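Asker: coords please:
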Amino acid sequence: MNGLKKTELMGALPTSAVLAAASSQAQSNEKPTIVLVHGAFNESSSWEGVIRALPDGYRVIAAANPLRGVKSDSTYLASLIDSIKGPVVLVGHSFSGMMITNAATGKSNVKALVYVAALAPDTGETANDVLSKFPGGTSASEFLAPPVTLENGAHDSYVQQEKFHAQFAADVSASTAKIMAVTQRPIMDTAFGEQSGPPAWKSIPSWFIYGTGDKNLPVATTEFMAKRAGAKKVVEIKGASHLLLVSHPKETAKLVVEAAQQTLVASVQGS
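Answerer: Reported below is the predicted structural model:
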């Protein structure tokens, strides 16, 4: 800079310019808000262990996912993102991978996507498409309870409580799985056939974590999605169930923090 040090140059600038530069640097070093989105058949408290494992200094929101449909749920999540000042790291479990994939598209403040045993669809794909792409998953007819008919002719789907532990949470304690089975949040059955829009993972860095004991999302499917998305990192937890966010909260939180830290590095380098 023509022999001038950065501090000397700043001293030569008007006060307003110095303040603007300082504000810009502060924003680049700002820790992102971590938004946790639960999937079908569980609810926001399933993130409790992950929340406890996250270090101090991060603002955390465990969003309540309506589970009414891909477009409606994604729109709801997008509205939440718009209300947050500063950078955001979106973390989705299971079906909510559809939500973070769609809601983050075009959102400049979303800096990272973390898929926790989650779906990462491409344009035009449905959840059914992704789940049937490779063999290994259990058919829904084997564990779903009789559907609850809604006024609009659609149906709410629940998991049979007596099958919840073995199907979704084999490595979670029986007492915890029982509570989760009783408090599960249903999903509208039409959501599984709803097409996804342009995926955010094409423009936003992604991280993936999954368990080899997942009976709902085949390992081959997760590996395919992670490779397609160009994931920064893929973590495999041996024997972990579909609810690895409950059984392995520390490992899950560690990956979320890694993604968050990468956004800080990227911000500083780009400033």
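Asker: Going along the chain, name the helices of the stretch 1-150 of the chain.
Answerer: Shown for the stretch 1-150 of the chain, the helices assigned by DSSP state H, counting those that start in this stretch span residues 6-12, 15-28, 48-53, 70-82, 96-103, 127-131.
Asker: Quick check: mean pLDDT of the first one?
Answerer: Averaging pLDDT along helix 6-12 gives 33.
Asker: Over to the longest one?
Answerer: Computed over helix 15-28, the mean pLDDT rounds to 39.
Asker: Same check on stretch 95-103?
Answerer: For stretch 95-103, the mean pLDDT works out to 98.
Asker: same deal with stretch 112-125?
Answerer: For stretch 112-125, mean pLDDT rounds to 98.
Asker: next one: stretch 197-217
Answerer: 98.
Asker: can I get the CA coordinates of that stretch in CSV?
Answerer: C-alpha atoms of stretch 197-217 as CSV (Å, rounded to 0.1, in the frame of the first residue of the first chain):
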residue,chain,number,x,y,z
GLY,A,197,-36.7,-27.4,-5.6
PRO,A,198,-33.2,-26.1,-6.6
PRO,A,199,-30.8,-27.5,-3.9
ALA,A,200,-28.8,-25.1,-1.7
TRP,A,201,-26.0,-27.7,-1.5
LYS,A,202,-24.9,-26.6,-5.0
SER,A,203,-23.9,-23.2,-3.7
ILE,A,204,-23.4,-23.7,0.1
PRO,A,205,-20.8,-26.0,1.6
SER,A,206,-22.2,-29.2,3.2
TRP,A,207,-21.2,-31.7,5.9
PHE,A,208,-22.7,-35.2,6.4
ILE,A,209,-22.9,-37.6,9.4
TYR,A,210,-24.7,-41.0,9.4
GLY,A,211,-24.8,-44.3,11.2
THR,A,212,-24.1,-47.7,9.7
GLY,A,213,-27.0,-49.2,11.8
ASP,A,214,-29.6,-46.8,10.2
LYS,A,215,-32.6,-48.9,9.2
ASN,A,216,-34.4,-46.0,7.4
LEU,A,217,-31.7,-44.4,5.3
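Asker: So which bits of that stretch are buried?
Answerer: Residues 197, 199-201, 204-211, 213-217 are the ones in stretch 197-217 that count as buried (16 or more other C-beta atoms under 10 Å). Yep, even glycine has a C-beta here, placed from its N, CA and C like the rest.
Asker: Now do the SS call for F164.
Answerer: helix (DSSP: H, G, I helix; E, B strand; the rest coil).
Asker: from memory it sits against T183, does it?
Answerer: No - with contact defined as C-beta atoms under 8 Å, F164 does not reach T183; the gap is 10.5 Å.
Asker: Report the central residue of the chain.
Answerer: With distances taken as C-alpha atoms, centre = their mean, G92 lies nearest the centre of the chain, 1.8 Å away.
Asker: show me the residues around A154 that make contact.
Answerer: Residues near A154 by C-beta atoms under 8 Å, 6 or more residues apart in numbering: 188-190.
Asker: Equivalent analysis for L144, please.
Answerer: 157-160 are the contacts of L144 under C-beta under 8 Å, 6+ apart.
Asker: tell me the phi and psi of the closest residue to S196 other than its chain neighbours?
Answerer: Excluding its sequence neighbours, the residue lying closest to S196 (C-beta to C-beta, 6 or more residues apart in numbering) is P121, at 3.9 Å. Dihedral pair for P121: phi -80, psi 160, per degrees, to the nearest 10.
Asker: Against P32, how distant is P121?
Answerer: 24 Å (C-beta to C-beta, to the nearest Å).
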